[in-house]
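S.K.: structure for this input, please:
(one chain, ligands or ions: 2)
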Amino acid sequence: MYKIFKAKVIDNLPLNKKNYLLTIEPLDPISEPSPGQFYMVGTGNSFDPLLKRPFSYFRKTAQAIQFLYTVKGKGTAQMKALKPGDGMQVIGPLGTGYPKPPKGYIPLLIAGGIGIASLFSLAECFTKKPSLIYGSRCKDDLLILNELEKLGSELITCTDDCSFGREGMVTDVLTNFLDSPSSKGTSYMIYACGPKPMLAAISQIALDKHIKGYVSLEENMACGFGACLGCSVKTGKGYKRVCKEGPVFPIEDIVW
Ligand SMILES: Cc1cc2nc3c(=O)[nH]c(=O)nc-3n(C[C@H](O)[C@H](O)[C@H](O)COP(=O)(O)OP(=O)(O)OC[C@H]3O[C@@H](n4cnc5c(N)ncnc54)[C@H](O)[C@@H]3O)c2cc1C
Ligand code: FES
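M.R.: Ligands and ions are numbered 1, 2, ... in the order given. This is a model prediction of the structure:
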């Protein structure tokens, strides 16, 4: 069950010029989030911007919640200015997270850019750590690599400009991975988060190869808890709210 709660900033660590790791301490008891869920974060103490912004939780510990974020516009520019001790208001956990894979299916995680924020907690929750394909435009945009290495997943990185890891986009790497002899006979369950064109391309690969899976969508959100319909997307089962029925949807449901 979600709730509105006050929190205190513990740390707001710059990872590079545009990406930060924000650690907050909830000042009220909150319910445990599950991987794929998100929070609506009040980015500052003024009413500008008026609306909170949606962020996947990157990691949750007994005392703190962490968000990995990219500075994009007004709200995230304010977030970047948050200092230890600052207060903020947060709503969550919100939305529907990633379902567990059915028995016999092997999870395969695919992150594009900041989509890693949503998938990290999922990777963490498996006892046998899943393979993770993680791509970005350039080396600098591949975040928290040391944390990912500590996790113990098979980590396959790639960059569009070939500055790190394998050359090319995650979709190229995914196709090679699925076509490799070691993948033959394995029933994968895909979990993907990243830019919409990447998710659409992954969905096509999954449908062509009869692989099941889930995508986590990002849409502009006003309320974050199902009231305004502003985040609706077209699915094969009618329009669905990304904040309420999503952000995680079965791959085959989305009409791209
Ligand atoms: C469920 C969910 C989880 C998310 N998790 C993360 C996360 O973990 N880390 C992270 O960095 N970002 C995440 N996002 C995206 C994040 O919410 C936006 O980047 C943020 O709201 C931008 O706010 P802003 O005020 O800085 O930008 P604005 O000034 O509002 O907009 C700047 C630009 O960003 C685009 N934008 C705004 N909101 C979104 C959005 N919700 N999705 C995609 N593009 C948007 C706008 O169209 C515009 O081009 C998530 C979005 C959703 C829906
Ligand atoms: S943001 Fe209001 S219904 Fe989703």
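
S.K.: and the stretch 101-250 of the chain, which of its residues are near ligand 2?
M.R.: 221, 222, 223, 224, 226, 227, 228, 229, 230, 231, 241, 243 (Cβ under 6 Å from any ligand atom). From N, CA and C alone the C-beta is placed, and that goes for glycine too.

S.K.: now, which of those residues lie close to ligand 1?
M.R.: residue 221.

S.K.: how about the residues of the stretch 101-250 of the chain next to ligand 2 in CSV, adding neighbour count and distance to residue 25?
M.R.: Formatted as CSV, those follow (neighbours: other Cβ atoms under 10 Å; distance: Cβ to Cβ, whole Å):
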residue, neighbour count, distance to residue 25
221, 22, 24
222, 15, 27
223, 18, 25
224, 26, 21
226, 14, 27
227, 11, 28
228, 14, 29
229, 12, 33
230, 15, 30
231, 24, 28
241, 22, 30
243, 27, 25
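
S.K.: farthest-apart pair in the residues of the stretch 101-250 of the chain next to ligand 2, please.
M.R.: 224 and 229 (12.2 Å; Cβ to Cβ).

S.K.: and whichever residue of the stretch 1-150 of the chain sits closest to ligand 2, what is it in contact with?
M.R.: Closest contact between the stretch 1-150 of the chain and ligand 2, by Cβ to the nearest ligand atom, is at residue 54 (7.9 Å). If you count contacts by Cβ atoms under 8 Å, 6 or more residues apart in numbering, residue 54 has them with 38, 39, 40, 41, 94, 218, 221, 224, 243.

S.K.: give me the three-state assignment for it.
M.R.: Under DSSP: H, G, I helix; E, B strand; the rest coil, residue 54 falls in the strand class.

S.K.: identify the bridge partners of it.
M.R.: Bridge pairing for residue 54 (DSSP bridges) gives the partners residue 40.

S.K.: do you know how far it is from residue 97?
M.R.: Going from residue 54 to residue 97 by Cβ to Cβ, to the nearest Å gives 14 Å.

S.K.: now the element after the longest helix anywhere in the chain, going C-ward?
M.R.: The single longest helix within the chain, with elements called by DSSP state H, is helix 196-208. Downstream of helix 196-208, the next assigned helix or strand under DSSP states H and E is strand 212-216.
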